[in-house]
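In: sequence first, predicted coordinates after that:
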Amino acid sequence: SQTIHQWPATLVQPVGSPLSLECTVEGTSNPNLYWYRQAAGRGLQLLFYSVGIGQISSEVPQNLSASRPQDRQFILSSKKLLLSDSGFYLCAWRGRQVPSLYGYTFGSGTRLTVV
Amino acid sequence: AQSVTQLDSQVPVFEEAPVELRCNYSSSVSVYLFWYVQYPNQGLQLLLKYLSGSTLVESINGFEAEFNKSQTSFHLRKPSVHISDTAEYFCAVRPSGAGSYQLTFGKGTKLSVIP
């Protein structure tokens, strides 16, 4: 069966420090991968998505970047965190075949607090 | 492009009372529709989806949603809520078909079940 792992679960980082959040998917190949941010009162904001290794699409220009070094690994990074980067970060994947084709499966999320 | 409007940001309801969470969408093409549920500090879980066929879809925990094409709605209902239904609910839409489309989410509705 397919599973998605996201870590860490919580993170407190000072302003100006770097960030690396990792997401891996098991039990599938060549998934579409997504990073979302959820901030209070703002719903889900799509940050990046990837349809293959090394292929990253950015939806919102900002202080963050994403990389996909392996087929089932998706990394969210920042060189210098801002206070506004605080939020709940969610990784998701979607398969290319039924039934995983039609909806996203989300990881358990990372609560990032920038202080 | 698609858009999703969840008209209520918060819905308080007494235990065992019925509830309806409203979702309206806008799209120039045919769509698939989804409801996701998010419990505190967790990722999103797929609750139910409409792809085609019967316009009434049901989840395993008593929720149902009805696709109304003429009113472009996909409201979520439950005849009798439990305390455990307290969560945030997200409506989402994507173009129909097997292409690499992104989900568009509403801003979410927080359901609070009052004992």
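Out: Sure, I can see it.
In: where along the chain do the strands fall?
Out: Going with chain A. In chain A, the strands defined using DSSP state E lie at A:3-7, A:10-13, A:19-26, A:32-38, A:44-52, A:55-58, A:65-70, A:73-78, A:87-94, A:105-106, A:110-114.
In: if you could check chain B rather than the one you did, that'd help
Out: B:3-5, B:10-14, B:19-21, B:24-26, B:31-38, B:44-50, B:56-58, B:64-68, B:73-78, B:87-95, B:104-105, B:109-114.
In: okay, those in a markdown table with distance to A:Phe48, mean pLDDT and mean neighbour count next?
Out: For every residue, glycine as well, the C-beta is placed using N, CA and C. Formatted as a markdown table, the strands of chain B follow (distance: least, CB to CB, whole Å; pLDDT from 0 to 100; neighbours: other CB atoms under 10 Å in any protein chain shown):
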| stretch | distance to A:Phe48 | mean pLDDT | mean neighbour count |
| --- | --- | --- | --- |
| strand B:3-5 | 20 | 94 | 16 |
| strand B:10-14 | 30 | 96 | 13 |
| strand B:19-21 | 29 | 97 | 19 |
| strand B:24-26 | 24 | 96 | 17 |
| strand B:31-38 | 19 | 94 | 23 |
| strand B:44-50 | 17 | 93 | 20 |
| strand B:56-58 | 30 | 90 | 14 |
| strand B:64-68 | 29 | 95 | 18 |
| strand B:73-78 | 27 | 97 | 21 |
| strand B:87-95 | 17 | 94 | 23 |
| strand B:104-105 | 15 | 91 | 21 |
| strand B:109-114 | 26 | 96 | 17 |
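In: just put those strands in a markdown table and tack on distance to A:Glu26.
Out: As requested, those are exported to a markdown table (distance: least, CB to CB, whole Å):
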| stretch | distance to A:Glu26 |
| --- | --- |
| strand B:3-5 | 30 |
| strand B:10-14 | 36 |
| strand B:19-21 | 33 |
| strand B:24-26 | 33 |
| strand B:31-38 | 21 |
| strand B:44-50 | 18 |
| strand B:56-58 | 29 |
| strand B:64-68 | 30 |
| strand B:73-78 | 31 |
| strand B:87-95 | 24 |
| strand B:104-105 | 25 |
| strand B:109-114 | 32 |
